[in-house]
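Asker: just to be clear, the model below is a prediction. Sequence and coordinates:
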Amino acid sequence: MDVRPGRDEALSRLFEAHYADTVRLAFYLTGSWPVAEDLAQEAFVRLWRRWGGLRDQHAALGYLRTTVVNLSRSTLRRRLLELRHQRTIGQEGRDADPVARLDIARALAGLPAGKRACVVLRHLVDLSVEETAAVLGISAGSVKSQTHKGLRLLEAALSEREDRSRHAQEVRER
Amino acid sequence: MSPVKVEEQLRALREQALAREPAPDGWPRLQRRLRREPWRRAALVAGLALAVLVAGLAPGLLARRAEQSPVPTVDEALVPGRPMVAARIRLDRPFTDVDVGFGATWVASQGALLRIDPQTNRVVATIPVSVSGESASIAFGEGSVWVTSGQAHGVVYRVDPTANRVTATIEVPGGAFGIIVAAGTVWVTQYLPEPDPGIVARIDASTNQLLAPVEVPNMPGAIRYGLDAIWVTSRFTVSRIDPHTGAVTQPLHRTGDVRAIGGGSLWGTYANSAADAGAQRIDPGTGQVVATIRIPNGVVIAFGLGTLWVAQDASSIPSGGNAPDRTRPGKLYRIDPTSNRVLGRPVPLPGIAPTALAVGEGAVWVGEQDSTTLTRFNLVP
């Protein structure tokens, strides 16, 4: 195996310290815990491949976050997500993930990818504007603007969801 | 909903996620993956060499026919020719759906429905509608173009293609995503807070009024019309709806999805992994998959010009050492429905992740994720 000195040991430390947070980041972005674990695994594999090109452990964490954001946008993720839903629900007969069923999780899933990433990194991962800009490869100004717009869209979506719940109830009662 | 409440809900989501831990086999699972890495790299190099060797001789080998059924009747003559990029049309906004009708190419984009003249490949009309750049859809029928808002704030816009203006704005509480027109009715898939049962809203095209909705098992996604039925893909089943009565007549439990109809068959996509993905041909009578065409890295599909068209995602190739991974573009495949085999040599796609695919006006139109460019392929001898 092509093992550079210290790579496996450092990866092990990083995994211990950041794997759970990486899964959570992927979960916020995809709305599915099983898919989030798949994405986090893939991100660590890619980090392992790129290890020699990284500056330090801090850069590794940034690389992990960027990789997860990029992976969450891919069309393959959507298909794996659909497939995973089919398998999970097929086995259990219903959507059994109470966190993914939160209104806020669903509203997040409905945001455009860029705005979703900004809201997640700023408000759920607690990164600064500058750290978020570095992960997404955009300017600090864009982070502020996208985050603001994302939050406004979330407000609107949650308000609509309240209205729609009432309407759905009325439809079913009819 | 106030900004404070949104932040409260975000905090609640974070607290619930923090209380949850990944599966305990994460590290052993990663180690198993890493142990395979050297073999994977060697296999990639060998695979690339083999691909170069056989590419000129047998491009059809790139797609594998796993199962074969009796060939059904093909209902559209195959138009011969090899696709070549004829135009890269730059739009001024991101878009989600592309479709061809009324002698034009229509693009559902953020904030507007765009009309492109296929003679000039230029945008000739920008019709303002409040639709999202990610989930809006287009349909044609009853003399109109119909476009959904692609949002939980459900709206269907009816557009007169002779005047390029909105003639009706129809509120569809519960969201408006996928859309088709069949039997004088507009059918719209919804996304409700409670996913089961799923709701397909209906609009009477003669009055623009909502009719009683149709219930399907679980949350509906893609909706297609053909072979005298409406096919609605939900999370774990495909429902068949009679367009005349609205009756859900025959769920297809063994089918992943239905995304195209042609050659007397239904066509769907599948993805067990990046490598094991592609298109499937489905018998509309039994719901059985009768042919599997493996095209790695995920695909979007459409039927037209007598064949199935498959647009493939790009793939990542490790460069070795410390160099960044390289990206290999996906390809546009043409599948002959008489043989379920790749027809001719697949052609590279200029973009990274195709998300919209339409066939019409003698051309194939491909849209890309996170892009504002629409690529047109013409068939050349």
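Answerer: That came through, no problem.
Asker: what's near enough to touch residue B:157?
Answerer: Shown in contact with residue B:157 (CB atoms under 8 Å, 6 or more residues apart in numbering or on different chains): B:113, B:129, B:131, B:146, B:147, B:148, B:149, B:166, B:168, B:169, B:170. Any C-beta I mention is one placed from the backbone N, CA and C, and that applies to glycine too.
Asker: which of the residues you listed tops the neighbour count?
Answerer: Neighbour counts for these, by other CB atoms under 10 Å in any protein chain shown, peak at residue B:148, which reaches 31 neighbours.
Asker: residues contacting that residue?
Answerer: B:108, B:131, B:135-137, B:154-157, B:172, B:176-179, B:188.
Asker: count the neighbours of the closest residue to residue B:380 other than its chain neighbours for me.
Answerer: Excluding its sequence neighbours, the residue lying closest to residue B:380 (CB to CB, 6 or more residues apart in numbering or on different chains) is residue B:84, at 5.1 Å. Burial measure for residue B:84: 11 neighbouring residues, criterion other CB under 10 Å.
Asker: right, and residue B:84 touches residue B:381 too?
Answerer: No: Residue B:84 is beyond contact range of residue B:381, at 10.4 Å (criterion: CB atoms under 8 Å).
Asker: my guess is residue B:167 contacts residue B:156. True?
Answerer: No: the pair residue B:167 / residue B:156 is not scored as a contact, 11.7 Å apart, by CB under 8 Å.
Asker: between those two, who's got more neighbours?
Answerer: Legend: neighbour count by other CB under 10 Å for residue B:167 and residue B:156, higher for residue B:156 (24 against 13).
Asker: now the helix or strand harbouring the more buried one: average pLDDT?
Answerer: Secondary structure from DSSP states H and E places residue B:156 in strand B:155-160. The average of the pLDDT scores along strand B:155-160 is 97.
Asker: I'd like the next helix or strand past that strand.
Answerer: By DSSP H and E, the next helix or strand past strand B:155-160 is strand B:165-171.
Asker: neighbouring strands of the helix or strand that that next one is followed by in the sheet, and parallel or not?
Answerer: Counting by DSSP H and E, the next helix or strand C-terminal to strand B:165-171 is strand B:179-182. Note on strand B:179-182: by DSSP bridges, its sheet partners are strand B:185-189 (antiparallel).
Asker: report the inter-axis angle for the strand it pairs with versus strand B:155-160.
Answerer: With axes from the mean of the first three to the mean of the last three CA atoms, to 10 degrees applied, the angle from strand B:185-189 to strand B:155-160 works out at 140 degrees.
Asker: and the angle for the next helix or strand after strand B:185-189 with strand B:155-160?
Answerer: The helix or strand immediately downstream of strand B:185-189 is strand B:198-204, counting by DSSP H and E. On the basis of the same axes, to 10 degrees, strand B:198-204 is oriented at 30 degrees to strand B:155-160.
Asker: distance from strand B:198-204 to the middle of the chain?
Answerer: 21 Å (CA atoms, centre = their mean, to the nearest Å).
Asker: stretch B:116-127 now?
Answerer: Worked out by CA atoms, centre = their mean, stretch B:116-127 lies 23 Å from the chain centre.
Asker: who's in contact with that stretch?
Answerer: B:86-87, B:89, B:91, B:100, B:103-107, B:112-115, B:159, B:164-166, B:361-363, B:374, B:376.
Asker: would you mind checking the average pLDDT for that stretch?
Answerer: 96.
Asker: need the pLDDT of residue 133.
Answerer: Going with chain A. pLDDT at residue A:133 comes out at 91.
Asker: let me rephrase: I mean chain B.
Answerer: Note on residue B:133: pLDDT of 57.
Asker: same deal with residue B:298?
Answerer: 69.
Asker: the residue nearest to residue B:380 is in what secondary structure piece?
Answerer: Per DSSP H and E: strand B:82-90 holds residue B:84.
Asker: now for the residue nearest to residue B:14 when sequence neighbours are not counted, how many residues are close by?
Answerer: Distances taken as CB to CB, 6+ apart put residue A:124 closest to residue B:14, at 5.1 Å, once the chain neighbours are dropped. Look at residue A:124: counted by other CB under 10 Å, it has 21 neighbours.
Asker: residues contacting residue A:124?
Answerer: Counting by CB under 8 Å, 6+ apart, residue A:124 has contacts A:24, A:25, A:28, B:10, B:13, B:14, B:17.
Asker: next one: it from residue A:131, what distance?
Answerer: Distance from residue A:124 to residue A:131, counting by CB to CB, to the nearest Å: 13 Å.
Asker: just residue B:357 next, same as before
Answerer: According to CB to CB, residue B:357 stands 37 Å off from residue A:131.
Asker: more neighbours: which of the two?
Answerer: More crowded of residue B:357 and residue A:131, by other CB under 10 Å: residue B:357, with 24 against 18.
Asker: check which residues of the strand or helix carrying that one are buried.
Answerer: Using DSSP H and E, residue B:357 sits in strand B:354-360. Across strand B:354-360, burial judged by 16 or more other CB atoms under 10 Å in any protein chain shown covers B:354, B:355, B:356, B:357, B:358, B:359, B:360.
Asker: give me the nearest residue to the third one, chain neighbours excluded.
Answerer: What it means is residue B:356. Closest to residue B:356 by CB to CB, 6+ apart is residue B:367, at 3.4 Å.
Asker: so what pLDDT did the residue nearest to residue B:252 when sequence neighbours are not counted get?
Answerer: The shortest distance from residue B:252 to any non-neighbouring residue, by CB to CB, 6+ apart, is to residue B:287 (3.2 Å). Note for residue B:287: predicted pLDDT of 86.
Asker: state the distance from residue B:287 to residue A:135.
Answerer: 44 Å.
Asker: for these two, indicate the residue with more neighbours.
Answerer: When residue B:287 and residue A:135 are compared for neighbours, residue A:135 comes out ahead with 25 against 18, by other CB under 10 Å.
Asker: quick check: that one is in a helix.
Answerer: Yes: under DSSP: H, G, I helix; E, B strand; the rest coil, residue A:135 sits within a helix.
Asker: let me see the contact set for it.
Answerer: Here residue A:135 is in contact with A:62, A:65, A:66, A:69, A:117, A:121, A:127 (CB under 8 Å, 6+ apart).
Asker: ok, and the most crowded of the residues you listed?
Answerer: Neighbour max across these (other CB under 10 Å) = residue A:117, 29 neighbours.
Asker: need the three-state assignment for that one.
Answerer: Applying three-state DSSP: residue A:117 is helix.
Asker: lowest average confidence, helix or strand, in chain B?
Answerer: Across the helices and strands of chain B, the lowest-confidence element by mean pLDDT, DSSP states H and E is helix B:26-55, at a mean of 62.
Asker: with chain A instead?
Answerer: helix A:75-92 (a mean of 44).
Asker: and the contacts of the strand holding residue B:84?
Answerer: By CB under 8 Å, 6+ apart, the list of residues contacting strand B:82-90 reads B:116, B:121-123, B:332, B:334, B:344-345, B:347, B:350, B:363-364, B:372-381.
Asker: how close does residue A:73 get to chain B?
Answerer: Counting by CB to the nearest CB, to the nearest Å, the separation of residue A:73 from chain B is 7 Å.
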